[in-house]
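> My questions concern the predicted model and sequence given below.
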Amino acid sequence: QVWRLPVSRFCFTPPAGSPAPRMPATDLPPTFGSFNNPSKLNLTVLRLWARILDAVPASRLLLKYAALDDPSAREWLRTNLAAAGVAPGRVEMRGWTRYVDALDQYADMHVALDPFPFCGGLTSLDALWMGVPVVTLAGRTHASRVGASLLTSAGLSELVTNTPEQYLETAAALAGNIPRLAALRSGMRERLRHSVLMDAPRFARDIEAA
C-alpha cells in the first residue's frame, strides 16, 4: 500500500562542514550541470540537453558522479552524448570526491538540469543547498514528480515544467539571468531553512499520522 504524506517524503539535513555557496567565476561560460547517476541520463534526456546547449551559445555541460572514474562508464556516456548531438568539447566529466568537496563543485555550474523520467532526490537537494536552481520536467509517476515536489516545497514552482519546450526555455532563460542566479544563490539556504523540507518536527508528525 502506498502511504501519501501531505507535503514531501524528504526531510533534508545538510552535511556538517558544508561549504558556503559561491557564484561561478565571472569568466566561466554558462554551465549546466548534473551530478546525478548517469544511468538516469537516457537518450531522450541527452537530446533535450543538446538542444539547451544549442540555445545558449558557448554554454557547456558539467557531469559528475563516482562511476565516471571508470573509463568504460565515460566511454558509454561519450557515445550516448555523441548520439544525442552533444559536441565532446562542450562536456566535462568528473568522478568521485568527498561529499563536502562535491558540494563545493556546485560553484562551477549556473543551472542544474534534473533528469527524467527518473528525477533526482538528494542530488537536487544538494544543488539547492548550494544555491543552484534545478529545472525539472514533471511526469505522471512518483519517480518523475520528485523534482516537482521538492521545488514546490521550496517555493520554486516556476522551475517545474510540464513539456520539453518549457524545460528548454526555462533553463536557457535562467542561465542568461545572472542577477536572478545571484539572488537565488545568496538566499537559497534561508529559503530551505524556512521550508517544510527542513522542518524535522513536522516531518516526524506526518510520519506518525500516516
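Done, it's in. Residues are numbered from 1 along each chain as shown.
> the helices in this protein, which residues?
43-55, 71-84, 99-104, 122-129, 146-153, 164-175, 178-193, 200-209 (DSSP state H).
> any idea of the pLDDT on Arg51?
Note for Arg51: predicted pLDDT of 98.
> just to revisit the earlier point, for the helices of the chain, which one sits closest to Ala112?
helix 122-129 (4.2 Å; C-beta to C-beta). Bear in mind the C-beta positions are built from the backbone N, C-alpha and C, glycine included.
> Nearest residue to the middle of the chain?
Centre of the chain computed as the mean C-alpha position; nearest residue by C-alpha atoms, centre = their mean is Ala112, 3.8 Å away.
> Reformat the helices of the chain as TSV; add mean neighbour count and distance to Phe12.
Listed next are those as TSV, based on neighbours: other C-beta atoms under 10 Å; distance: least, C-beta to C-beta, whole Å:
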stretch	mean neighbour count	distance to Phe12
helix 43-55	18	24
helix 71-84	15	28
helix 99-104	15	13
helix 122-129	22	5
helix 146-153	23	9
helix 164-175	19	22
helix 178-193	15	7
helix 200-209	12	9
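> picking up where we left off before, so the residue nearest to the centre of the chain makes contact with Gly33?
Yes - counting by C-beta atoms under 8 Å, Ala112 does reach Gly33; the two are 5.5 Å apart.
> residues in contact with the residue nearest to the centre of the chain?
32-35, 106, 124, 127, 132-135 (C-beta atoms under 8 Å, 6 or more residues apart in numbering).
> Okay, buried residues for stretch 87-103 please.
Within stretch 87-103, the residues scored as buried using 16 or more other C-beta atoms under 10 Å are 90-91, 93-94, 102-103.
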